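Chemist: predicted model and sequence follow; I will ask about them next.
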Amino acid sequence: MPRPPLSLKARAVGYLSRREHSRVELARKLAPHAESPVQLEALLDALERENWLSNERFVDSLVHRRASRYGAARVMQEAKTHQLGNDQLRDLQEKLRDSELARATEVWRKRFGTPPDSPEARAKQIRFMVARGFSRAVVGKIIRGAEDEA
């Protein structure tokens, strides 16, 4: 005998129990299962009132999941796709900027660990770090520091 379909709230709680979602992301995932946009908005409002859904927790979760591997530019790009408020984006950018050098140093150390020994190797390291979303200024500091130590 087939199971009855999950209610919209059960689906939402299932998604939220696995990881934090932004309001926009959860709405996108639930939209195909909602009877109407009004029903979906009412559910999202109720989830926020009951503290199941929180953009602040989502931002913290995003930082926790992404910041150790990516630079501020890349994390901010992902955050903007979730249509967060300007205050939340500003706070996120400050958090990321404060720790950017330390995070970039750790990523560089794990991936390369030694200073570049040729202009080609230097360009490769810079490209890798910039593609990860770290600023050129931070990447330059790390590579110059590594070259000075060697």
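Modeler: Thanks, I have it. Numbering: from 1, shown residues only.

Chemist: tell me how far the most centrally placed residue in the chain lies from Phe134.
Modeler: Residue closest to the mean C-alpha point of the chain, counted by CA atoms, centre = their mean, is Leu62 at 3.8 Å. With distances taken as CB to CB, to the nearest Å, Leu62 is found 17 Å from Phe134. No exception for glycine: its C-beta is placed from N, CA and C like everyone else's.

Chemist: would you map the helices across this structure?
Modeler: Along the chain, counting by DSSP state H, helices occupy 8-18, 23-30, 37-49, 55-66, 72-80, 86-111, 119-131, 136-149.

Chemist: would you list these in a markdown table and tack on mean pLDDT and distance to Met1?
Modeler: Shown next, in a markdown table, are the helices of the chain (pLDDT from 0 to 100; distance: least, CB to CB, whole Å):
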| stretch | mean pLDDT | distance to Met1 |
| --- | --- | --- |
| helix 8-18 | 93 | 19 |
| helix 23-30 | 94 | 26 |
| helix 37-49 | 94 | 27 |
| helix 55-66 | 90 | 38 |
| helix 72-80 | 92 | 42 |
| helix 86-111 | 91 | 46 |
| helix 119-131 | 94 | 51 |
| helix 136-149 | 85 | 59 |
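
Chemist: so which of the ones you listed is nearest Pro2?
Modeler: helix 8-18 (16.0 Å; CB to CB).

Chemist: who touches the closest one?
Modeler: Identification of contacts with helix 8-18 by CB atoms under 8 Å, 6 or more residues apart in numbering yields 6, 21, 26, 29-30, 33-35, 39-40, 43-44, 46-47, 52-53.

Chemist: how about stretch 64-83?
Modeler: Contacts of stretch 64-83 (CB under 8 Å, 6+ apart): 22, 24-25, 55, 58-59, 62-63, 88-89, 92-93, 96-97, 99-100, 103-104, 106-107, 129, 132-135, 138.
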